[in-house]
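1. This is a predicted model, with the sequence first.
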Amino acid sequence: MDRSNSGSRGDPNGSENGEVLYNHKKGDDRVVEDNNNNNNNNGTESVEKIFESKEVPSWQSQLTVRAFVVAFVLGILFTFIVMKLNLTTGIIPSLNVSAGLLGFFFVKTWTKFLEKSGLLQQPFTRQENTVIQTCVVASSGIAFSGGFGSYLFGMSEVVADQSGEDNFAQNIKNPSLGWMFGFLLLVSFLGLFSVVPLRKIMIIDFKLTYPSGTATAHLINSFHTPQGAKLAKKQVRTLGKFFSFSFLWGFFQWFFTAGDGCGFVNFPTFGLKAYENRFYFDFSATYVGVGMICPYLINISVLVGAILSWGIMWPLIEDRKGDWYSAKEKPSSLHGIQGYRVFIAIAMILGDGLYNFVKVLGRTLFAMYHQIYKKEAGAVLPVGGNTSHAISPLSYDDGRRRQLFLKDQIPLWIAITGYITISIISIITLPHIFPQLKWYYILVIYIFAPVLAFCNAYGCGLTDWSLASNYGKLAIFIIGAWAGASHGGVLAGLAACGVMMNIVTTASDLTQDFKTGYMTLASPRSMFVSQIIGTAMGCVISPCVFWLFFKAFHDLGVPGSEYPAPFALVYRNMAILGVEGFGALPKHCLTLCYIFFVGAIIVNGIRDLVGKKWAQFIPLPMAMAIPFYLGSYFAIDMCVGSLILFIWQKVNKAKADAFGPAVASGLICGDGIWTLPSSILALAGVNPPLCMKFLSRKVNSKVDVFLTS
């Protein structure tokens with residue numbers, strides 16, 4: 001979806017595992033373009049002159065109790081949403097518009113009430129709004145970078161039983177609240193301290209764009225103008241309406257899910273034969289909303305991947321049962337048809353990830369070369385082609401922003417001391433959580449992590465792509481191979497992936513937030529403190545939410561269940577490949593993997609060669625890989641969302657652009673938060689009263705005969 005990051009948590013093509021498509025502010029790229037167009041059209045219009053009469057509060061005043069109360073509530077809401085998406089398909093759209101809208105609405109309502117009662121001591125500012133946004137994204141982002149749908153859950157016995165290889169006690173660690181709290185608290189803060197000394201270089205010296213951070217800043221700035229506030233209120237009302245509809249729709253569907261294969265989610269929309277090959281519309285409000293947020297190309301790419309795999313490849317391979325793989329293998333066995341599904345998807349993910357890793361790293365090094373070593377006068381990073389800002393005097397906006405951005409310095413000794421202290425504690429402590437992860441593995445990771453964190457943050461500023469999952473996969477293969485199969489290499493690789501992913505993810509997150517703060521005049525200190533508090537919240541909230549899922553849904557992580565957690569198996573098998581090689585693959589699977597690995601690289605290369613005009617018609621390999629394992633039902637949902645938005649834009653483009661993200665966010669949030677009461681009902685042993693199931697005429701006749709006999 002967007003080659004962005006959720007708060008930088010996204011990868012090329014949305015390749016942030018979990019994976020995929022966790023785009024920080026997908027859909028916000030359009031916002032950036034719109035704002036740029038507005039600035040161009042208005043010529044000399046200055047944002048900061050609009051706010052010139054408003055005093056900028058001190059950094060301490062930006063950190064209000066009400067801001068963190070709202071952020072905590074929204075953090076729980078969005079954690080449920082991200083967790084549900086992690087455990088279903090791994091496609092996570094941007095929730096930043098929702099976070100910004102709801103944060104603005106809650107605090108604005110609160111302050112309006114206090115103002116009428118005469119108790120308002122401090123007005124609601126855009127700086128406080130930025131603090132809320134930062135805290136919410138940092139908190140809910142742990143649900144993604146914590147690996148609950150990927151590497152962390154991939155350590156469990158449930159996923160290990162599916163892989164069938166290296167299923168030994170030393171390669172298994174089942175979820176437990178205690179060690180999950182400890183692990184996340186040890187590894188989630190290092191990235192923050194690693195990039196603090198570089199904030200001036202990134203934002204002011206290199207003038208990195210950070211499109212997602214810029215888009216969020218435009219959004220927050222617009223909220224706090226009279227016209228923007230009026231539109232925001234309308235958007236919040238729209239979001240609320242569709243939130244209610246989505247929540248009630250989820251509640252209604254629950255009544256018909258009393259058994260396996262029951263309910264609207266198993267509606268054979270295109271017939272039973274198509275249903276057997278996972279082609280059906282499952283009436284998911286969540287993924288209709290996701291489809292409205294994701295670019296059309298992502299949705300079409302997912303559908304093309306579904307047709308290629310479930311419509312063509314898997315039926316052909318199943319016809320060779322008994323030749324290519326044993327007819328005795330269960331459908332879920334990786335030595336059977338499931339092996340082709342999983343490992344070909346892995347090959348595409350790795351091919352796409354490798355291409356984009358080399359591409360973004362190359363652009364990063366090239367830009368750094370021109371900026372640092374050649375010191376070219378007016379050198380401009382290859383981010384947009386607009387060079388005017390590099391050769392012209394500072395505008396009023398840039399001068400004002402630079403002055404306040406440099407005002408509240410974060411002492412270098414805090415960053416260095418924080419990084420070293422947490423590193424020492426985690427090097428000592430992590431081997432007690434994961435005995436397979438030796439202290440010297442962690443030391444090596446921490447030595448190289450600041451460099452990789454810088455590269456990820458820098459590349460994210462250039463392209464809005466976070467390569468966190470690719471750095472994590474690199475750690476899987478290096479540490480897993482170093483540890484070896486006989487010393488728990490699978491678990492060591494997965495744990496190392498978590499350490500690396502959390503460091504480089506939070507590093508790019510913080511620099512995105514610094515960019516947002518720079519453009520809203522929020523202090524770097526308040527941004528840093530907000531990110532730390534939000535991260536700490538996430539380290540507690542996310543394990544608790546995951547634990548609720550884990551206890552409420554006993555088939556969590558099982559293929560075909562409501563929450564199959566597909567990327568948990570993908571990550572575990574990456575670790576197995578790194579340790580054991582390719583011996584476990586069924587016949588001809590390795591050849592097909594090579595073909596799709598190279599194919600993903602070639603397709604990406606063609607997309608870059610033909611330019612943007614034609615690239616929009618070429619599918620994205622990363623997006624195509626997702627349905628290879630899961631099926632196409634969610635692709636159909638997403639395409640329905642695209643169709644709704646397309647028709648809406650044809651009828652009334654201005655209204656669709658203004659309210660489309662709010663409608664999509666409402667659909668996602670309502671269906672996502674329904675998970676909380678449904679989990680509580682499951683834990684309480686309250687089961688749905690009805691089962692709605694669809695049978696063929698022949699099977700139905702047999703059932704009738706059986707019931708009447």
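-> Great, that's in hand. This structure is a prediction, so every number in the text was calculated from the model and none was measured.
2. from here on, contacts and neighbour counts on C-alpha atoms
-> Will do.
3. where does this structure have low pLDDT?
-> Scanning the chain for pLDDT under 70 picks out 1-45, 93-97, 100, 118-120, 164-167, 332, 371-393, 463, 465, 583-584.
4. how far away is L620 from W614?
-> Look at L620 and W614: by C-alpha to C-alpha, to the nearest Å, they are 13 Å apart.
5. just N171 next, same as before
-> Going from N171 to W614 by C-alpha to C-alpha gives 46 Å.
6. quick one, which of those two is more surrounded?
-> N171 (26 against 12; other C-alpha atoms under 10 Å).
7. list the contacts for the more buried one?
-> When the contact criterion is C-alpha atoms under 8 Å, 6 or more residues apart in numbering, the partners of N171 are M155, G488, G489, V490, L491.
8. from those, which is closest to I476?
-> V490 (8.1 Å; C-alpha to C-alpha).
9. and the closest one, how many neighbours does it have?
-> 38.
10. was I right about L177 contacting F546?
-> No - under the criterion of C-alpha atoms under 8 Å, L177 makes no contact with F546, lying 9.1 Å away.
11. So these two - more neighbours on which side?
-> Per other C-alpha under 10 Å, whichever of L177 and F546 has more neighbours is F546, with 23 against 12.
12. tell me which residues of the strand or helix carrying the more buried one are tucked away?
-> Here F546 is covered by helix 524-552, with elements defined by DSSP states H and E. For helix 524-552, burial by neighbour count (16 or more other C-alpha atoms under 10 Å) applies to 524-550, 552.
13. do the same with stretch 693-709
-> Buried residues in stretch 693-709, defined by neighbour count with 16+ other C-alpha under 10 Å: K693, F694.
14. For it, what is the distance to the chain centroid?
-> Averaging C-alpha positions (C-alpha atoms, centre = their mean, to the nearest Å) puts stretch 693-709 44 Å from its chain's average.
15. who's in contact with stretch 182-190?
-> Counting by C-alpha under 8 Å, 6+ apart, stretch 182-190 makes contact with 146, 418-419, 422-423, 425-426, 430, 433, 499, 502-503, 506, 532, 535-536, 539, all of which sit outside it.
16. Tell me which of those residues fall in helices.
-> With DSSP state H as the criterion, helices contain 418-419, 422-423, 425-426, 430, 433, 499, 502-503, 506, 532, 535-536, 539 from among those.
17. give me every residue that touches M574.
-> Residues touching M574, when contacts are defined by C-alpha under 8 Å, 6+ apart, comprise I346, K473, I476, F477.
18. can you give me the end-to-end distance of stretch 218-231?
-> With C-alpha to C-alpha as the measure, the first residue of stretch 218-231 is 14 Å from its last.
19. thought V570 was touching I344?
-> No - taking C-alpha under 8 Å as the definition, V570 is not a contact partner of I344, at 10.3 Å.
20. if you go through the stretch 201-350 of the chain in chain order, where are the helices?
-> Using DSSP state H, counting those that start in this stretch, the helices assigned to the stretch 201-350 of the chain run over residues 211-223, 226-254, 272-276, 285-293, 296-306, 314-318, 337-368.
21. same check, this time on the stretch 451-600 of the chain
-> The residue ranges that make up the helices of the stretch 451-600 of the chain, judged by DSSP H, counting those that start in this stretch, are 468-483, 489-520, 524-552, 566-580, 589-610.
22. Can you redo these as a markdown table, where the extra columns are distance to R199?
-> Putting the helices of the stretch 451-600 of the chain into a markdown table (distance: least, C-alpha to C-alpha, whole Å) gives the following:
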| stretch | distance to R199 |
| --- | --- |
| helix 468-483 | 19 |
| helix 489-520 | 7 |
| helix 524-552 | 9 |
| helix 566-580 | 33 |
| helix 589-610 | 30 |
